[in-house]
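# model this:
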Amino acid sequence: TPLPFTRFKKRHKHTMRIGLGMAALGRPGYINLARDSDLPSRTVEGMQGRANLVMDELLLRCGDDDTPWLDCARSYGLSEKFVGEYLRSNSINPEEVYVSSKWGYTYVAEWKVALAEGEPHEIKDHSLTNFLKQVEETKEHLGEYLNLYQVHSATFDSGILTNEEVHEALNKCREEKGWKLGLSVSGPNQDEIIREAMKITVAYNDYEERRLFDSVQCTYNILEQRPSPALLEAHDAGMDIIIKEGLANGRTLQHPKLIELAKKFDCASDALALGAILAQPFQPRVLSGAVSSEQLSSNLDALKVSEKLTSTPEGKEILQQLMEGCKMESEEYWKDRTELKWN
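Numbering: from 1, shown residues only. The predicted structure is shown next:
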């Protein structure tokens, strides 16, 4: 039965500062911790049903002045299909929701959680041919709902930062479809990639040039803080800052300093960890990786926590202790991440 979302008006006033990322909901396997207890059913129907419940929670928790935000990717299994079908079945007007997605990886796990040793769940390809293929696939699933299309995990090695053919195709996509363009980054040199991406410009109105990318989606959390200066530079240059893996796939929730300070601040650990990100001077929007309504509801409490972290003496002290007490070296952080198992 469609949800009663008639209270939504055509507004697009403010996109929610916390959105729902579909990486853990669009496919049966992912590297987040404790998926066995969080997701008892991994069938297509079971995962889509769970995704629908979490999207229900997002829209029901959305304030009157906010627009709910959903983030997909071609490689997140059936995430684009799930989101597109959900929005259409609930008759949600495209102006009443903000949807972002990514191209550049292809999901190849065939709805399996465990693969043979060395077999990948996804394959990266930032070529022009793959962009032209995947943009049509995204259009088929999300079409009228899409607002932002991002390069998935841009790196120096993938060639995307120097491929002018792809830059021109992306710019043409923006001009013809009206989509914003972004890139996501990963790895210990995220800051270097962000700064290089900011230099890329394309022709505009035949006489001018403009920056190719409107936004950057970056891994940043209380453990991995290295990108902060580059994110502030990007923010000051007018780019939209999006944070992924704000809970480090669940690893932040095991940190004793976070647990100690959350108890002291009288809030949930996940809300404090995400609130600390929202409190950063580069004014990010943050993706929740929730796979249940309860997890998303707790994540959304980070909005109020972030206000207390920046507006009260106690909050400012907690924030400083948290960031200083949890920070890791980037190389160590990413090494630990590569050891996480798909489950």
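
# can you pull out the helices in the stretch 151-300 of the chain?
Using DSSP state H, counting those that start in this stretch, the helices of the stretch 151-300 of the chain run over 164-177, 190-198, 228-236, 256-265, 269-278, 293-300.

# deepest of those, which one?
helix 269-278 (a mean of 25; mean count of other C-beta atoms under 10 Å). From N, CA and C alone the C-beta is placed, and that goes for glycine too.

# coming back round to it: let me have the helices of the stretch 151-300 of the chain in JSON lines, extended by mean pLDDT and distance to residue 23.
JSON lines is the format used below for the helices of the stretch 151-300 of the chain (pLDDT from 0 to 100; distance: least, C-beta to C-beta, whole Å):
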{"stretch": "helix 164-177", "mean pLDDT": "97", "distance to residue 23": "22"}
{"stretch": "helix 190-198", "mean pLDDT": "98", "distance to residue 23": "17"}
{"stretch": "helix 228-236", "mean pLDDT": "98", "distance to residue 23": "20"}
{"stretch": "helix 256-265", "mean pLDDT": "98", "distance to residue 23": "22"}
{"stretch": "helix 269-278", "mean pLDDT": "98", "distance to residue 23": "16"}
{"stretch": "helix 293-300", "mean pLDDT": "98", "distance to residue 23": "14"}
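
# okay if I get these as TSV plus distance to residue 48?
TSV is the format used below for these (distance: least, C-beta to C-beta, whole Å):
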stretch	distance to residue 48
helix 164-177	26
helix 190-198	32
helix 228-236	34
helix 256-265	32
helix 269-278	24
helix 293-300	15
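
# who wins for proximity to residue 333 among those helices?
For these, the distance to residue 333 is smallest for helix 190-198, at 10.7 Å, taking C-beta to C-beta.

# which neighbouring elements make contact with the helix ranked longest in the chain?
Looking only at the chain and at elements set by DSSP state H, the helix with the highest residue count is helix 44-61. Contacts defined by 3 or more C-beta pairs under 8 Å, 6 or more residues apart in numbering; DSSP states H and E place helix 44-61 against strand 18-21, helix 79-89, helix 293-300.

# ok, back up a step: which one of the helices of the stretch 151-300 of the chain lies nearest to residue 109?
helix 293-300 (23.3 Å).

# how about the nearest residue to residue 190, chain neighbours excluded?
residue 227 (4.7 Å; C-beta to C-beta, 6 or more residues apart in numbering).

# surely residue 224 is in contact with residue 330?
Yes: Residue 224 is within contact range of residue 330, at 6.2 Å (criterion: C-beta atoms under 8 Å).

# the more surrounded of those two?
residue 224 (25 against 19; other C-beta atoms under 10 Å).

# list the contacts for that one?
248, 328, 330, 333-334 (C-beta atoms under 8 Å, 6 or more residues apart in numbering).

# 6 Å instead, please
residue 333 (C-beta atoms under 6 Å, 6 or more residues apart in numbering).

# tell me which of the helices of the stretch 151-300 of the chain lies nearest to residue 209.
Per C-beta to C-beta, nearest to residue 209 of the helices of the stretch 151-300 of the chain: helix 164-177, 10.3 Å.

# just list what the closest one packs against, helices and strands only.
helix 128-142 (3 or more C-beta pairs under 6 Å, 6 or more residues apart in numbering; DSSP states H and E).

# give the buried residues for the helix it packs on.
130-131, 134-135, 138-139, 141-142 (16 or more other C-beta atoms under 10 Å).

# sorry, back to before: right, and the helices of the stretch 151-300 of the chain - which one's nearest residue 183?
Using C-beta to C-beta, the helices of the stretch 151-300 of the chain put helix 190-198 closest to residue 183, at 5.6 Å.

# so what touches the closest one?
154, 161, 183, 185, 213, 216, 218, 227, 230, 234.

# list just the nearest of those residues to residue 295.
Closest to residue 295, out of all of the contacts of helix 190-198 and judged by C-beta to C-beta, is residue 218, at 21.9 Å.

# residue contacts, that closest one?
Residue 218 touches 185, 190, 227, counting by C-beta under 6 Å, 6+ apart.

# try 8 Å
Residues counted as contacts of residue 218 (C-beta under 8 Å, 6+ apart) are 184-185, 190, 194, 227, 231, 241-244.

# distance of residue 109 relative to residue 230?
From residue 109 across to residue 230, the span is 32 Å (C-beta to C-beta, to the nearest Å).

# starting at the chain centroid, how far to the lengthiest strand in the chain?
Longest among the strand segments of the chain by residue count, using DSSP state E, is strand 146-154. The chain centroid and the centroid of strand 146-154 are separated by 10 Å under C-alpha atoms, centre = their mean, to the nearest Å.

# and it, what does it pack onto?
strand 98-103, helix 128-142, helix 164-177, strand 180-185, strand 215-219.

# ramachandran angles for the residue located most distally from the centre of the chain?
What lies farthest from the middle of the chain is residue 207; by C-alpha atoms, centre = their mean that is 34.2 Å. Main-chain dihedrals, residue 207, degrees, to the nearest 10: phi -110, psi -20.
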